[in-house]
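Novice: What follows is a predicted protein model with its sequence.
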Amino acid sequence: MIYILVLGTRGDLLPALALAVALQRRGHRAHIVTHDDHLSLVRGHGIGCTGSGTHSSSGGGSASDQDRDAEKLAVFNAVKRDVLFVIATLFCVAEASAAADRFNVKWAAFSPFVATDFGLASMGEFWDKVRESDLTGTVHSAIVADPEWKAAVEHWLWRLFLHDVGQFREAVGLPSWPQFDYTARPPFLLYAIPASLAELAALPLDATFARFCGQWTLPSSPVSNPRASIFAQHSSLTRFIEKQNEKSRKILHVGFGSMDTLHPCLARDAGSVATIVDSIYTALLQTNLAAIWIVDASMQGCALRDYLLAKTNTLADRICVLPGPVDHALLFSSGLIRGSVHHGGIGTLTEVLRSGMKQVIVPYMFDQEKWGLRLMQEGVSKCFADVDPEFITVAEWVGAFNWISGDADLDRIQDWKVKLAVRDSSDQAVDLAVLAVESLLMKTPKT
């Protein structure tokens, strides 16, 4: 059995699920361990799964240390004796390494975001901990002195050591530090990111321990009429689109994905949420545009969701609120919208590029700002960097909306659409990931 450990957002789950489906198609057995609210989606694709006892929105800082410890233990215990290999998101590499040590198998990590852009400021803290620790002998010298190992740690593996997982490992009967060979190659990292976008990251990658495989997506049948499919799934859209067409208004997509529940500003700050929504609404009025705003409907008590739904009637002339999730690929290919305003998650920005549309990126955390700035340098997006979203002025929104609804830079955007279509087929990408896992499995004799 190949166990895939996925703590994180829907954006982390979907590539993991695509990998699991592809592995089973190749004759392997795959089992996903993830948040409880993701289980129905996993089961719907015929993949075995176990819940962590937690909700995906608990990553927003609301979970206690006790809850985190219980989550770690649940994920660790979900890996059984039939394990042949473990692969995990960067949010649960501690659990993956512990489970692999327990059953004497190897493990790897995967990431749908650029690991070097995720909390880079914490690298100094990590190295301070290494210097201040009582590590001695092989472990300390391998981390600090060995060039390949040091490069791997600086690239991504520091996630495993940054937080104190020794107490957790000791509680489950393991040595406090992971037991893979520190002097050999570190665990492998697979990136679920298109190669064309990876080139923008300019990462110091060594192919011996990391590989870009491309965007991993679930298999889907071609949809002959995406617009009709969207209307069938979301009946409230029909009249809204008719009203906007009568006024000759172009329509934007607005949605911040998992940030709705993960980021404190959107999840819990009602005042900031009101400012953001009201500024966007005013900018839509001034630019004669409308928007389809997708909100995370998975959890009650989200400030953004509650405000939008409470103001539905007030905003209805310009904003149609759709409880998510919504199939981005289907929406973006429907011809209903002119462009997208989103948080800069790699999955969303890739789908916008594939559709040949403009995008305005409002980054909240992780690598989102870096992607927004890189795409802005390419001339295919605008990005509100170095400013909290609640401080974006109406005038700045108006400028972004005028760009997104105009004709400037469309040639560059079409070039990117072609580049992704030709070079970065999502079907080929997940196959590359499967081949990488199979290669690692061949080097993993279980004793």
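Specialist: Looks like it arrived, so ask away. These numbers were taken from a predicted model, which means no experiment stands behind them.
Novice: and residue 375, what does it touch?
Specialist: 200, 349, 359, 361, 381, 383 (Cβ atoms under 8 Å, 6 or more residues apart in numbering). C-beta coordinates here come from the backbone N, C-alpha and C atoms, glycine included.
Novice: if you set the cut-off to 10 Å instead, what comes out?
Specialist: By Cβ atoms under 10 Å, 6 or more residues apart in numbering, the contact set of residue 375 is 197, 200, 344, 349, 352-353, 359, 361, 381-383, 413, 416.
Novice: can you check residue 433 too?
Specialist: Applying Cβ under 10 Å, 6+ apart to residue 433 gives the contacts 15, 18-19, 22-23, 87, 110, 190-192, 211, 213-214, 216.
Novice: Once you drop chain neighbours, what's closest to it?
Specialist: Using Cβ to Cβ, 6 or more residues apart in numbering and skipping residues adjacent in sequence, the residue nearest residue 433 is residue 213, 4.3 Å away.
Novice: that older thread, from the contacts of residue 375, pick the one nearest residue 430.
Specialist: For the contacts of residue 375, the residue nearest residue 430 by Cβ to Cβ is residue 197; the value is 16.2 Å.
Novice: Phi, psi for the closest one please.
Specialist: The phi/psi pair for residue 197 (degrees, to the nearest 10) reads phi -80, psi -30.
Novice: So, low pLDDT: which residues of the stretch 201-350 of the chain?
Specialist: For the stretch 201-350 of the chain, applying pLDDT under 70 flags the ranges 201-209, 221, 297-301.
Novice: Now do the strands in it.
Specialist: Counting by DSSP state E, counting those that start in this stretch, residue ranges of the strands within the stretch 201-350 of the chain are 210-212, 250-255, 289-295, 319-323, 339-342.
Novice: just to revisit the earlier point, mind picking the two most distant members of the contacts of residue 433?
Specialist: The most widely separated members of the contacts of residue 433 are 23 and 191, with 17.4 Å between them, by Cβ to Cβ.
Novice: Look at the two and report which has more neighbours.
Specialist: Ranked by neighbour count (other Cβ atoms under 10 Å), residue 23 and residue 191 place residue 191 first, with 29 against 23.
Novice: Determine how far stretch 333-343 lies from the middle of the whole chain.
Specialist: Its chain's C-alpha centre and that of stretch 333-343 lie 19 Å apart, by Cα atoms, centre = their mean, to the nearest Å.
Novice: so how far does that stretch reach from one end to the other?
Specialist: Across its full length, stretch 333-343 reaches 20 Å end to end, with Cα to Cα, to the nearest Å as the criterion.
Novice: same deal with stretch 200-211?
Specialist: Note: stretch 200-211 ends 15 Å apart using Cα to Cα.
Novice: Also stretch 381-397?
Specialist: One end of stretch 381-397 to the other measures 14 Å (Cα to Cα).
Novice: Now for the nearest residue to residue 75 once chain neighbours are set aside, how many residues are close by?
Specialist: Excluding its sequence neighbours, the residue lying closest to residue 75 (Cβ to Cβ, 6+ apart) is residue 95, at 4.3 Å. Per other Cβ under 10 Å, the neighbour tally for residue 95 reads 29.
Novice: Can you tell me which of the contacts of residue 433 is nearest residue 48?
Specialist: residue 23 (11.8 Å).
Novice: Counting only strands, which of the contacts of residue 433 make the cut?
Specialist: Members of the contacts of residue 433 lying in strands (criterion: DSSP state E): 87, 110, 190, 191, 211.
Novice: The residue nearest to residue 75: which element?
Specialist: helix 93-103 (DSSP states H and E).
Novice: name the helices or strands packed onto that helix?
Specialist: Judged by 3 or more Cβ pairs under 10 Å, 6 or more residues apart in numbering; DSSP states H and E, helix 93-103 is in contact with strand 2-6, strand 30-34, helix 65-78, strand 85-89, strand 107-111, helix 158-162, helix 166-171.
Novice: tell me which residues of it are tucked away?
Specialist: By neighbour count with 16 or more other Cβ atoms under 10 Å, helix 93-103 contains the buried residues 93, 94, 95, 96, 97, 98, 99, 100, 101, 102, 103.
Novice: Using a markdown table, lay out the residues you listed together with pLDDT and distance to residue 306.
Specialist: A markdown table is the format used below for those (pLDDT from 0 to 100; distance: Cβ to Cβ, whole Å):
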| residue | pLDDT | distance to residue 306 |
| --- | --- | --- |
| 93 | 86 | 34 |
| 94 | 85 | 34 |
| 95 | 90 | 33 |
| 96 | 91 | 36 |
| 97 | 87 | 39 |
| 98 | 90 | 38 |
| 99 | 93 | 38 |
| 100 | 91 | 42 |
| 101 | 90 | 44 |
| 102 | 93 | 43 |
| 103 | 94 | 45 |
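Novice: re the thing from before, what's near enough to touch the residue nearest to residue 75?
Specialist: Neighbour list for residue 95: 5, 7, 33, 52, 71-79, 86, 88, 107, 165, 168-169, 172 [criterion: Cβ under 10 Å, 6+ apart].
Novice: do you know how far it is from residue 74?
Specialist: According to Cβ to Cβ, to the nearest Å, residue 95 and residue 74 sit 9 Å apart.
Novice: which residues are in contact with both of these two?
Specialist: With Cβ under 10 Å, 6+ apart as the test, residue 95 and residue 74 both reach 33, 52.
Novice: I'd guessed residue 395 sits against residue 287; true?
Specialist: No. Here residue 395 lies out of contact with residue 287, judged by Cβ atoms under 10 Å, at a distance of 11.2 Å.
Novice: thinking again about what came up before, now the ones in strands among the contacts of residue 433 as CSV including distance to residue 373?
Specialist: Formatted as CSV, the ones in strands among the contacts of residue 433 follow (distance: Cβ to Cβ, whole Å):
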residue, distance to residue 373
87, 30
110, 24
190, 25
191, 19
211, 25
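Novice: from those residues, which single one is nearest residue 335?
Specialist: Set against residue 335, the nearest of these by Cβ to Cβ is residue 191 (31.5 Å).
Novice: ok, and the closest non-adjacent residue to the closest one?
Specialist: residue 212 (4.5 Å).
Novice: Thought residue 200 was touching the one you found, still the case?
Specialist: No. If you go by Cβ under 10 Å, residue 212 and residue 200 don't touch, sitting 11.7 Å apart.
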